[in-house]
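S.K.: return atomic coordinates for the entry below.
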Amino acid sequence: MTTAAGRPTLTVDDSDSTGHGSLTQLLTTGPFPEALRAAIKASRLSLDRIQHRLALRGVTISVATLSYWQSGRRRPERPESLEALRHLESVLGVPQSGLSALLGPPRPRGRRCRPTTMMPIDALWARRERVANLLSKVDTSSDLKLGRISQHDRIEISADGGQKSVWVRQILRAEQDGPDRWALVFETEESDVLPEIVNVRNCHLGRIARDHEANIMVAEMMFERPLTRGETLIMEYQLVFPEGHAPKGNNTFARKFRLPVREYVIEVRFDEANLPSRVQQYTRVQQYSVPAGDETPSRRRNLTLDSGGGVHAVALGFGPGVFGIRWEWPNR
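M.R.: So this is what the prediction gives:
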């Protein structure tokens, strides 16, 4: 049975050949190979037909790769593979991100890649000693247990060029049983105060450690309960500066990722009374195998303001590294 668009309509209560449960259940709990196998079975498409339909979308992928993905011998990790997976979800009739949300963090590669060599949380910060000191005052044990599925930052810029607020929406997935908090690190410049954390959703504030001299803050965002393996969480909060204390921040906002995120959206909204003359997206990619600070040169791309005075940029399968937006004001 097909839809008007010619894509298969799934019967989501079909069990896969392993007998491990329905497709609906597997799309919620995983693991990825079993969910993919069940989705392919429900689509009633052979791997050759799937490859052909992907080719019609401009996606080149081998039948062997599809076979490896569903067997668990390999999984999509590179940006081009994650893009192919997005099209594969559409071909199979699976909800958007239904399969990619099951991937979790990329697996370490090579004999030397062990948990002890994982990049520390403070590694991407210029004043890492200050950040490390604050992190020592909170519980960061949940960090490696959480997969970064999606994050959306929306920054509001005031008429005087200051950063009024940052709204954050994150989707996290438990890779093990037990994670119960997120460690928030925030650094600002050119402000004599740190922001307040307000409008929290699906979480509440735990311990907060502040370094007022360096304008750095670390906060525990506590979940309502510990997550079980495979469980996802949508968490929201907002960082708001008091009136008259919005920092200029060197006309830049950036997010630091020590672990990869499947999707990152950064949005900057400017006051229409004061629009920048130039806006750029930039990235600095940090490899696990090189010391922090020896990242690859920054890559930049010009962005165009929309009719409402805003810009956005999207990164897929990004990290570790820094992804941000910078802007310039017209010469006065």
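S.K.: got the contact list for stretch 75-85?
M.R.: 32-33, 54, 59, 61, 69, 99-100, 103, 106-107, 262, 316-318 (C-beta atoms under 8 Å, 6 or more residues apart in numbering). Heads up, the C-betas are built off the backbone N, CA and C, glycines and all.
S.K.: of those residues, select the buried ones using a ChimeraX command.
M.R.: In ChimeraX, this line selects whichever of the contacts of stretch 75-85 come out buried by 16 or more other C-beta atoms under 10 Å:
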select :32,33,54,59,61,69,99,100,103,106,262,317,318
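S.K.: ok, the contacts of stretch 75-85 vs Ser277, which is closest?
M.R.: Checking these against Ser277 by C-beta to C-beta gives Phe318 as the nearest, at 27.2 Å.
S.K.: quick check: beta-bridge partners of Val322?
M.R.: Lys256, Arg284 (DSSP bridges).
S.K.: that one and Leu227, how far apart?
M.R.: For Val322, the distance to Leu227 equals 27 Å [C-beta to C-beta, to the nearest Å].
S.K.: more neighbours: which of these two?
M.R.: Neighbour comparison, Val322 and Leu227: the larger count goes to Leu227, with 22 against 19 (by other C-beta atoms under 10 Å).
S.K.: from memory that one sits against Ala174, does it?
M.R.: Yes - at 3.8 Å, Leu227 counts as touching Ala174 under the criterion of C-beta atoms under 8 Å.
S.K.: quickly list what's touching both of the two.
M.R.: Jointly contacting Leu227 and Ala174 under the rule C-beta under 8 Å, 6+ apart are Leu233.
S.K.: what residue ranges in the stretch 201-332 of the chain score low on pLDDT?
M.R.: In the predicted model of the stretch 201-332 of the chain, residues 249, 286-298, 332 satisfy pLDDT under 70.
S.K.: ok, back up a step: now go through the contacts of stretch 75-85 and say which are in strands.
M.R.: Of these, the ones assigned to strands by DSSP state E are Arg262, Leu316, Gly317, Phe318.
S.K.: pretty sure Met221 is in a strand, no?
M.R.: Yes - assignment of Met221 by DSSP: H, G, I helix; E, B strand; the rest coil places it within a strand.
S.K.: that one pairs with what?
M.R.: Applying DSSP bridges to Met221 gives these bridge partners: Trp182, Leu205.
S.K.: try Glu156
M.R.: Residues in beta-bridge contact with Glu156 (DSSP bridges): Ser165, Arg269.
S.K.: that's all I had, so thanks and see you.
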